[in-house]
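Peer 1: got a predicted structure plus its sequence, pasted below:
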Amino acid sequence: MEPGTLSTFLKRGAIWAFIVIELIFFSIAGEFLSLSDKAFMDFDNMLLLFKQSAPIGIIAMGMTIIMVNGNIDLSVGATYALSGIILLDAMSWPIFGSLGDAVIPVAWLLALLTGVLLGALNGLIVWKTGVDAFIVTLGSMLGYRGLVFMYNGEQPTSHLNWTLVDFAEAQFLGIHTPTWFLLAVTLAIWFLMTRTVHGRNAYAIGDNRTAAVNAGIRVGPHMMINFMIIGFLAALSAVVFYSESGSVNPNDGELYELWVITAVVLGGTKLTGGAGSIVSTFGGVLAIQLLRKGLSHIGADTSTVNLVIGLILIAVLFLDRQLNLKGKEELRV
Amino acid sequence: MGALSKSDIGGFLARQGILVAFVVFMIGFTIANDRFVDPDNILGVIRSSAILGVMALGVTFVVISGNLDLSVGSMMSFSTIVVLDLHDKIGPGLAIPVMFAMTLALGAFIGFLVGYLKLNSLIVTLGMLSAIHGLTLTYSGGKNMDIVDKEGTWFGVFGQGTALGVPIPILIFAILAAVLGMTLAKTPFGRKVYAVGGNGVAATFSGIRRARVVFFCYLMSAFCVATAGLIQASRSLGSQNTVGQGLELEVLAAVILGGASLMGGSGTIFKTVIGVLILGFIQNGLLLVGLQFYAQYVVTWIIIILAVWLDIAAKRGRLWSPIA
Amino acid sequence: MSDQSQGRPPVLRLANIVKSFPGVRALDDVSFSVMPGEVHALMGENGAGKSTLMKVLGGIYQPNEGQIFVDEQPVVMNTPMEAKAKGIVFIHQELSLAEELPVAENIYLGELPRKSFGRVDWEKLYAQTNAILKKLNVSFDARTVVGDLSIANQQMVEIARALTVDAKAVIFDEPTASLTDAEKVVLFDVIADLKSQGVGIIYISHRMEEIFRITDRISVLRDGQYSGTLTTADTDEDEVTQLMIGRSLDLSRNASHHELGDVALEVRDLSCGHLYRNINFEVRRGEVVGFYGLVGAGRTEIAETLFGLREPTSGTILLDGKEVRIHSPVEAIAHGISLVPEDRKGQGLVLGMNCRDNITLPQVDDLTAGPFVADGAEIAIFDLYRDRLDIRTPGWRQLVGNLSGGNQQKIVIGKWLSMHPNVLIVDEPTRGIDVGSKSEIHNLIRDLAAHGYAVIVISSEMPEVLHVSDRIVAMYSGELIKTFTSEEVTEDNLIQAISGIRSDSAA
């Protein structure tokens, strides 16, 4: 076996092993602690799990490209909220009054466009100014959130369209609409990252940016496209979620970046870029949602979920380091 | 020296850009609204910036050492809730040191993870942001925390009192800024913080205990957070669980605005104070000229990007990035 | 030059190239040409303009005056990609590979073959890659992840990348910097192969021995100006050095004439995993002990162990006859051991800090007045070592990152001399330093020994080791082969010892 293969294997498999452990743990613990009679691994419960994973999961796919590319996006939560507001608000705009239910695709389009524009703005700034993506998106996280609040003050923005709610709550082949969206996005981004020139270049840029530049890869446009993709996905996530709920609070999406980054890191994406896989990110998303559901299944409240997620994130980081240290005579620096 | 050439002015702007921006803003707001320069207004702004400012002092150490601290917001909620809870249980005299000890313990834990275990500080403190938030909610049972006898306690002095006509929060901020500023600029420890952030490997090769330096930076940060929590609790004598939420980013914004590089090795306490004041005065000035409260977020965003952009533009000698 | 190139026009010709920056004329009327099938060395001190010239050739800079010809056609190159398209290819000193990606994607970086919908044409990619790898006769395949390859094999990937285009001229920039001798042989074979295909090769190196082994002609730059081209077969090292610096470098043997003192450092049966085994040696006061061997022979690792950066698996270290255990640089410094590390910028200096603060860094805890660092004491130390080592800097406030390599190295040496060490270890004292500063640093090391310091010098350059050392420890693959005195050492027996050839005299 070549050096590094074992640790690579462990890393690739780790997230799925973690999911299995979670399932076993919560199934057994649920027998003793759960307030409900239903088993944790109930089929409907699992279907619901996928559905609830969708909002975070859809954005996490975009964050994987961004992080593989060597950047980070902290503004996804604010983009999510702003796109949601545009979606719901647009449906009550007078100019679309005559459209009837045909306003739905228009509102969707507007919301998605909002996401793409916000992402493009981030990407453009990172590209043209050369300011680190962390700082750029830290700034726009504040700025975009400011726009959210300026739109409607501290009031929620609400609009219920029952056709839309029916669509969002529908089940096709037993699977909920949001789940279909999550699966489609996962497949599309997986294809993008593993099969297309753009995806492979994203890996190259994140791995060795100088080399990529010297090889004539246009780093700027690639980064910008990736920011547009994550903006689009943050908006898509909002579209899927708010079509059903029909009401956006100005605080919605806060800490989403935390959840999304946690999922991506759990999935083993390298923090410095250049390595990461969509399938593992999918695992990371499921693992987090399982944890949330599992903890509530055994009667723990949301505070425990926060505590556990935070500590697990740190534990994963620690394990990853230990795994990479093994067998090497490291210099003590 | 002859007459100022164009590049001299450019160089000055690049080096002192943040001060220049600060002065320009102050002049602009002064012209726009005469209430802006009112001493009461100015004192009021500094007072309300004190909590953010105290936290930014500690984070400056962490950032110069080449790390990040995204946990200060939820850690501040934690110390506020703890000190308010303990106030009624063991009295303010004991509650304060116990709260400081608990907050320092959290800081020590993060310092251990980042310093001694060498884990990535962004992810560790992101995790701690969530974990400490959970800890606070568990501690409080999700309820707001209030001091029962608000009239009969001296605890309000840290947030509401004045000494020699100066509000106590401003005094705390000023004294802490002076002490920490001297520590960073003049003591061996401060020198080591710059060395570790500038080149951690070379620092180790020069006999500096890098892990220990990072550890103490996080302790320093936790101490500042505890102080901020004390001011917050004392000011309102009651609090929600989420009082510090989002502050970590405003704190980081102030530190970056002051010109500290996220790569580590550069920045000063003085510049951080300027960064804090800019944020405070912009917020205040925008309100005075009649913009709605949330517009400050948008303006802060633009200012952060511009500040960092001009800083690196000056270093690389051209405005636009060379990225193809 | 191979016979086939006779009478053919040069593949690459530079005519009167001028490149100025504000205040500096970095290249001043430089002309030379590379013939097909020729290995043409480009030499010059650091700062002589080699890297500027390479950037002009690589399409990164545009010359202010002059013209570049490829196959006698005038060309203009505005980007690295255009240079490559014209057939000018670089093998960079710092490898520019994406380590997480497979070989094939690295070779076709930026030029992945496409199918419809922006998809990668994997069949074509792997077929083309395997064809190139076959030509190079390497042991890995197109799907191997680059990070799993040895440095030498990674360099092969770089070379393979050069072969994806119809290369007219290939430029090697210090290609052997991190190669073992065996790997060098493979590299030289590849160069010979390119040569036989009529490709022109520019070979940049500081290593005379290689230059004389593989090149046909040598062109030299000095202070941005072209100072001449020599035919390798008709010249010698002295002539080249004179062209480079205007005088020749003294590299004569230089054993101590003063009395040696007591044993300052003794190492007994020291081992560290597979890095090195059963090492025994001693260093006396007033003595310079040179450590010579190939990269990876374990020399740097021994130094790192003595400095507390590695834990030995067995063996003892004695300082002034007393056994010590060293677990960290802090303890090493307390025991009077200092290390000038091999990687100056990465390990030796905080580039964003000023000169004074870098020099006083290890003792900043002791330079205090009350709780604060004593400014005056610090400046006094800086002044002392600036004068003693002739560090050329406008003042102590100058950031170390702005100094030349030689002055940077003097800052590192000054830092450790100011600690008054019992044992000074210097790892690769003159790597990447121009010839002038080199001899200054050599003299300094001799001078330190004369003043009673115990000095260990680790170097990969044989002339340097022979020049400065009183005794030479030869290492091969983690083992100490033999310790030579300066009387018994010759270039031949030293090379044999470090190549793993155990002759009777070395056994």
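Peer 2: Good, I have the coordinates.

Peer 1: dump the residue contacts of C:Arg285.
Peer 2: C:260-262, C:264, C:452-454 (Cβ atoms under 8 Å, 6 or more residues apart in numbering or on different chains). Using the backbone N, CA and C atoms, a C-beta is placed for each residue, glycine as well.

Peer 1: compare these and tell me which is most surrounded.
Peer 2: Highest neighbour count within the contacts of C:Arg285, by other Cβ atoms under 10 Å in any protein chain shown: C:Ala454, with 28 neighbours.

Peer 1: helix or strand for the closest residue to that residue other than its chain neighbours, which one?
Peer 2: The shortest distance from C:Ala454 to any residue that is not its chain neighbour, by Cβ to Cβ, 6 or more residues apart in numbering or on different chains, is 3.7 Å, and that residue is C:Ala264. Counting by DSSP states H and E, the element that carries C:Ala264 is strand C:263-272.

Peer 1: neighbours of C:Asn64, how many?
Peer 2: Tallying neighbours of C:Asn64 according to other Cβ under 10 Å, which is how burial is gauged here, yields 14.

Peer 1: got the contact list for the spatially closest residue to it that is not a sequence neighbour?
Peer 2: Beyond its immediate neighbours in the sequence, the residue positioned closest to C:Asn64 (Cβ to Cβ, 6+ apart) is C:Val18, lying 5.0 Å away. C:Val18 is in contact with C:25, C:27-30, C:63-66, counting by Cβ under 8 Å, 6+ apart.

Peer 1: for ChimeraX, what selects the buried ones among the residues you listed?
Peer 2: Listed next is the ChimeraX selection for buried residues among those, using 16 or more other Cβ atoms under 10 Å in any protein chain shown:
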select /C:27,28,30,63,66
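
Peer 1: can I get the contacts of C:Val18 in JSON lines with secondary structure?
Peer 2: Formatted as JSON lines, the contacts of C:Val18 follow (DSSP: H, G, I helix; E, B strand; the rest coil):
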{"residue": "C:Arg25", "secondary structure": "strand"}
{"residue": "C:Leu27", "secondary structure": "strand"}
{"residue": "C:Asp28", "secondary structure": "strand"}
{"residue": "C:Asp29", "secondary structure": "strand"}
{"residue": "C:Val30", "secondary structure": "strand"}
{"residue": "C:Pro63", "secondary structure": "coil"}
{"residue": "C:Asn64", "secondary structure": "coil"}
{"residue": "C:Glu65", "secondary structure": "strand"}
{"residue": "C:Gly66", "secondary structure": "strand"}
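
Peer 1: residue numbers of the stretch 101-250 of chain B in contact with chain A?
Peer 2: B:113, B:117-120, B:122-124, B:126-138, B:142, B:200-201, B:204-205, B:210, B:245-246, B:249-250 (Cβ under 8 Å from any Cβ of the partner chain).

Peer 1: for ChimeraX, what selects the buried ones among those residues?
Peer 2: The buried subset of these, as determined by 16+ other Cβ under 10 Å, is captured in ChimeraX by this line:
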select /B:113,118,119,120,122,123,124,126,127,128,129,130,131,132,133,134,135,136,137,138,200,201,204,205,210,245,246,249,250
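
Peer 1: ok, which of the residues of the stretch 101-250 of chain B next to chain A also contact chain C?
Peer 2: When Cβ under 8 Å from any Cβ is taken as the criterion, the members of those that contact chain C are B:201, B:204-205.

Peer 1: around chain C, which positions in chain B sit nearby?
Peer 2: So far as Cβ under 8 Å from any Cβ goes, chain B lies against chain C at B:182, B:186-188, B:191-192, B:194-195, B:198-199, B:201-209, B:265-266.

Peer 1: among these, name the buried ones.
Peer 2: Neighbour-count burial (16+ other Cβ under 10 Å) applied to the residues of chain B next to chain C gives B:186-188, B:191-192, B:194-195, B:198-199, B:201-209, B:265-266.

Peer 1: returning to that earlier point: tell me the SS of the residue nearest to C:Asn64?
Peer 2: Using three-state DSSP, the secondary structure recorded for C:Val18 is strand.

Peer 1: repeat for A:Asn71
Peer 2: Three-state assignment for A:Asn71 (three-state DSSP): coil.
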